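Colleague: Sequence and computational prediction follow.
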Amino acid sequence: MIVLGIDTSCDDTSVAVYDAKENRILSNIVSSQYEFHIPFGGVVPEIAARKHAENIDVVFEEALKVAGVEVKDLELITVTRFPGLLPALLVGLTFGKGISYCSGLPFKGVHHIEAHLLSPFIGKEPEYPFLGLVVSGGHTLLVLAGGLGRYRVVGKTLDDAVGEAYDKVAKMLNLGYPGGPVIDRIYREFKGDYLQLPKPKVKGLNYSFSGIKTAVKRLVEKGYPKEQIAASFQKTAVEYLVGKLKKALKEFGIRRIAVSGGVSANSLLREKLEELSEKGYEVLLPDLSYTSDNGAMVAYVGYRRFLLEGGDELTVGALPRLSLEEVNVEG
Ligand code: ATP
Ligand code: FE
């Protein structure tokens, strides 16, 4: 089955073609519009929607071309329906429904975070149970996954997502947007001593990043060098992420870990996960092209959901918020 995957949940317009029979992504085109949002210091939903509308047709044509397929070869249309910026989501959703309606193809809406969660398995079959750590621009979640649509969120951030904290720290330090890749590079090049930043004392498996962010603000005001602040922030944030991950592994006796989302591209996080894999844990990470938003993960998950529960009516809508547990299968 040849599956089209569309994601326009935030500021990337992405379309992918997935050959489900061969379990192979044939193309995954991502057109980022982040430069248009730089003057505003964050993503403006209305601008995002207009840019998606301008780009989606070109991205779609390119995805078909690279995959070497035509519209008539497509057999299933999958699109991110939730969560995300509502005006942005609507562009991809409407585009996907249009193709589905005109070609009489089945249509399946996808939960964006479920797509991130399973992205480390692209190219093979998901294996359950696993502990998922989703670290993106809008989410920081620890998820116990017992099967497709069988998720339990066991930890989450009580305030900022880790990717958001990266972006805000980069903004305070005038390092541009998005902050993650820049701060990661500075960390790699930094040779000096690290500054002490507080690790929040949130109980259990939940996270909080606002305290770290405030501590960074103080250091900026005190005039510490940018590089030292950025590198210290990364060290603290990643140690904090991994600390709770280890706690969860112990608590649930799980040996398989799947880490996903934009922050899963982080080099220090990958180093720490490598240490876990040396200790005998099975660690899965997405290919770097599947860490940030992409249509491949949507097609990969949309196809599996379609097999499990069939397609959706074309009357379904988009939602800005919907927790992962709300798309759990019954029973
Ligand atoms: P969500 O999926 O929660 O709706 P999103 O789709 O906007 O949010 P992603 O595209 O998964 O989020 O991730 C983007 C985030 O990843 C940004 O905050 C960015 O700074 C961060 N990021 C990207 N590369 C790195 C890196 N190497 N280190 C740390 N953070 C990174
Ligand atoms: Fe995302």
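Modeller: Now that the structure is in, tell me what you want to look at. Residues are numbered from 1 along each chain as shown. Ligands and ions are numbered 1, 2, ... in the order given.
Colleague: sec struct for whatever residue of the stretch 151-300 of the chain ends up closest to ligand 2, please.
Modeller: Going by C-beta to the ion, ligand 2 is nearest to residue 293 of the stretch 151-300 of the chain, at 4.4 Å. For every residue, glycine as well, the C-beta is placed using N, CA and C. Three-state assignment for residue 293 (DSSP: H, G, I helix; E, B strand; the rest coil): coil.
Colleague: List the contacts of it.
Modeller: Counting by C-beta atoms under 8 Å, 6 or more residues apart in numbering, residue 293 touches 7, 9, 10, 12, 14, 30, 112, 262.
Colleague: If I look at the last one, what pLDDT would I see?
Modeller: Okay, so that is residue 262. On pLDDT, residue 262 comes in at 98.
Colleague: can you give me the helices in the protein?
Modeller: 34-37, 45-67, 86-103, 112-118, 162-172, 179-189, 210-221, 226-252, 267-278, 295-309 (DSSP state H).
Colleague: For ligand 2, what's its nearest residue on the stretch 101-250 of the chain.
Modeller: residue 136 (4.6 Å).
Colleague: these two touch, right, that residue and residue 165?
Modeller: No. At 11.7 Å, residue 136 and residue 165 do not qualify as touching, with contact defined as C-beta atoms under 8 Å.
Colleague: Find the nearest non-adjacent residue to the residue nearest the centre of the chain, please.
Modeller: The centroid of the chain falls nearest to residue 261 when counting by C-alpha atoms, centre = their mean (3.0 Å). Counting by C-beta to C-beta, 6 or more residues apart in numbering, residue 261 lies nearest to residue 136, which is 3.3 Å off, once chain neighbours are set aside.
Colleague: Report the contact partners of the one you found.
Modeller: If a contact means C-beta under 8 Å, 6+ apart, then residue 136 has 113, 116, 161, 163, 260, 261, 262, 263 as its contacts.
Colleague: tell me the contacts of the third one?
Modeller: For residue 161, the set of contacting residues under the criterion of C-beta under 8 Å, 6+ apart consists of 135, 136, 137, 138, 139, 140, 209.
Colleague: Now do the contacts for the spatially closest residue to it that is not a sequence neighbour.
Modeller: Once flanking residues are discounted, residue 161 sits nearest to residue 140: 4.8 Å by C-beta to C-beta, 6+ apart. By C-beta under 8 Å, 6+ apart, the contact list for residue 140 reads 134, 156, 157, 161, 162, 163, 207, 209, 241.
Colleague: near ligand 1, which residues of the stretch 1-150 of the chain show up?
Modeller: 9, 10, 84, 112, 116, 136, 137, 138, 139 (C-beta under 6 Å from any ligand atom).
Colleague: rerun at 5 Å
Modeller: Contact residues (C-beta under 5 Å from any ligand atom) of the stretch 1-150 of the chain with ligand 1: 10, 136, 137, 138, 139.
Colleague: Adding distance to residue 60, write the residues you listed out as CSV.
Modeller: Below are those laid out as CSV (distance: C-beta to C-beta, whole Å):
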residue, distance to residue 60
10, 18
136, 24
137, 24
138, 25
139, 27
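Colleague: How about the residues of the stretch 101-250 of the chain by ligand 2?
Modeller: With C-beta under 5 Å from the ion as the criterion, the stretch 101-250 of the chain meets ligand 2 at residues residue 136.
Colleague: what about the stretch 101-250 of the chain, any weak spots by pLDDT?
Modeller: Counting by pLDDT under 70, not a single residue of the stretch 101-250 of the chain qualifies.
Colleague: ok, how many other residues are close to the single nearest residue of it relative to ligand 1?
Modeller: Closest contact between the stretch 101-250 of the chain and ligand 1, by C-beta to the nearest ligand atom, is at residue 180 (2.0 Å). Neighbour count of residue 180, defined by other C-beta atoms under 10 Å: 24.
Colleague: who's in contact with it?
Modeller: 163, 166, 167, 170, 262, 263, 265, 266.
Colleague: what do you get for residue 138?
Modeller: Counting by C-beta under 8 Å, 6+ apart, residue 138 touches 10, 83, 161, 163, 164.
Colleague: How many residues are close by the fourth one?
Modeller: If I follow you right, that is residue 163. If you count neighbours by other C-beta under 10 Å, residue 163 ends up with 24.
Colleague: Please report phi then psi for the spatially closest residue to it that is not a sequence neighbour.
Modeller: Distances taken as C-beta to C-beta, 6+ apart place residue 137 nearest to residue 163, at 3.9 Å, with adjacent residues excluded. When read as degrees, to the nearest 10, the backbone of residue 137 gives phi -70, psi -30.
Colleague: Return the residues in contact with residue 137.
Modeller: Residues in contact with residue 137 (C-beta under 8 Å, 6+ apart) are 10, 161, 163, 164, 167, 178, 261, 262.
Colleague: distance of it from residue 209?
Modeller: 12 Å (C-beta to C-beta, to the nearest Å).
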